[in-house]
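J.: Show me the folded form of this:
(one chain, ligands or ions: 1)
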Amino acid sequence: MSLPNHFDLLATDGAARTGHLTTPHGVVRTPAFMPCGTAGAMKGVHWREVRDAGADIVLGNTYHLMLRPGAERIAALGGLQSFTGWNGPMLTDSGGFQVMSLSDLRKVSERAVTFRSHIDGAKVELSPERSIEVQRLLGSDIAMQMDECVRLPAGRDDIERAMRLSLRWAERSKRAFESAPEGCMLFGIVQGGDIAEMRHINARELVEIGFHGYAIGGLAVGEPQAVMLAMIEETAPALPADRPRYLMGVGTPEDLLEAVTRGIDMFDCVMPTRNGRHGMAFTRFGQINLRNARHADDPRPLDEESEWPSARNISRAYLHHLVRSGETLGAMLLSEINIAYYQHLMRGMRDAITAGTFETFQKQTRAGWARGDI
Ligand SMILES: O=c1[nH]cnc2cc3nc(NCCN4CCOCC4)[nH]c3cc12
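T.: Modelled structure (predicted):
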């Protein structure tokens, strides 16, 4: 059964696209980058700053939220928007990926993934049906099917086994989702590792099941960037042009530019906040490591032309001092600066695609990164 389409494709420039995805909590302008509010908070950043930076939508991790404070508790408190104070659209992942990367004693069966909570060791079972129920309880605007992601490199048999299991779980996720509130969406996830044929089979069969949007999973799991880009080139054209395409877990600003060029609309990654906590700043001139002693006496801000006040008004010397001193303010400032830079990049891409100048935008952006931090 085909699901209603909430995506308006507004303009294209080559394979790059820009559009609006309408959710119950607001419109998402694509290409969009979703900062990760992992456990119901954007680590070290107020929601006000996330919104002011230009983010339309944030990601919440089902694995963390179901373990603490619990999905039923969040539902009783009015859902994620009321509970957290972020009143915009939220996408939640299925929890399956983080079970495999964060929990102990996990076991994958046809029925479900079972594991022990990394918080209190309690035994937990996560089936496709329970994952959809949890995402519904959280009040998600965009839910993700449960899937099995294989780390690369991997053998063909393992890649095919996980791809076919994910397809069966896609069917079950969709059946469990049927009675979702009006306007809420469910995205399928394409697996298939680094094998083009598997990607084509998975995409075709996923589209036959029918989803509001489609994620490309199984990437950014250890493969070289060239392999990731090749799999995007194999997969994106096999997905419906009028539905959103979401590349999971990606990535650096360079990854975002390359993937939008190949037809991707949505992204999520922990890098802006995680790298910020480690003293790294993302700027128009590439990444700057504020731990480096060369910044100790530098009165210049990160970027005198940035529209983000903390990037325009705070000296590198002070940021260096905060980072070296382990001051919390250092992590907070660099996290907001990085989220703002990612949103600046996405806004630039949307505007360039709309104007038909995306190729020039790519050249200018890469030239800025290549210039480095002078
Ligand atoms: O197939 C997937 N299915 C469901 N969730 C995912 C999440 C994913 N996240 C990554 N990569 C994350 C890479 N990060 C980069 C920054 O540092 C932390 C790791 N790849 C991913 C693949 C999947």
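
J.: quick one: is stretch 333-349 near the ligand?
T.: No. Stretch 333-349 lies out of reach of the ligand by CB under 6 Å from any ligand atom, never closer than 12.3 Å. No exception for glycine: its C-beta is placed from N, CA and C like everyone else's.

J.: List the buried residues in that stretch.
T.: 333-349 (16 or more other CB atoms under 10 Å).

J.: cool, stretch 242-249 as well?
T.: Arg243, Pro244, Arg245, Tyr246, Leu247, Met248, Gly249.

J.: mind checking how far that stretch is from the chain centre?
T.: 10 Å (CA atoms, centre = their mean, to the nearest Å).

J.: which outside residues touch it?
T.: For stretch 242-249, the surrounding residues in contact (CB atoms under 8 Å, 6 or more residues apart in numbering) are 5, 7, 9, 19, 21, 30, 91, 93, 97, 187, 189, 211-217, 219-221, 232, 236, 239, 259, 263-269.

J.: Just the residues you listed: which are in strands?
T.: The members of these that map onto strands under DSSP state E are 7, 9, 19, 21, 30, 91, 187, 189, 213-216, 266-269.

J.: now, the most widely separated pair of the residues you listed?
T.: Leu9 and Cys269 (23.8 Å; CB to CB).

J.: Phi and psi next, for Ala281.
T.: Dihedral pair for Ala281: phi -110, psi 130, per degrees, to the nearest 10.

J.: Excluding chain neighbours, what is closest to it?
T.: Ile288 (4.6 Å; CB to CB, 6 or more residues apart in numbering).

J.: per-residue confidence averaged over the top helix by length along the chain?
T.: When the chain is parsed with DSSP state H, its longest helix is helix 328-355. Summarised as a single mean, pLDDT over helix 328-355 is 98.

J.: And it, how far out from the chain middle?
T.: 14 Å.

J.: returning to what we had before: show me which of Leu9 and Cys269 is the more surrounded one.
T.: Higher neighbour count among Leu9 and Cys269: Cys269, with 23 against 16, using other CB atoms under 10 Å.

J.: any idea how far that one lies from Glu305?
T.: Cys269 sits 25 Å away from Glu305, going by CB to CB, to the nearest Å.

J.: next one: Gly348
T.: For Gly348 relative to Glu305 (CB to CB), the value is 13 Å.

J.: So which residues on the stretch 51-200 of the chain come close to the ligand?
T.: Residues of the stretch 51-200 of the chain lying near the ligand (CB under 6 Å from any ligand atom): Asp93, Phe97, Asp147, Cys149, Ile189.

J.: For the fourth one, list the residues it contacts.
T.: Think Cys149. Taking CB under 8 Å, 6+ apart, one finds Gly96, Phe97, Met100, Ala162, Gln191, Gly217, Gly218, Val221 in contact with Cys149.

J.: Same check on the third one?
T.: Contact criterion CB under 8 Å, 6+ apart gives Ser94, Gly96, Phe97, Ala162, Ser166, Trp169, Ala170, Ile189, Gln191, Gly217 as the residues in contact with Asp147.

J.: Going along the chain, name the helices of the stretch 151-300 of the chain.
T.: Taking DSSP state H, counting those that start in this stretch to define them, one finds helices in the stretch 151-300 of the chain at 156-177, 196-209, 225-235, 253-261, 271-277.
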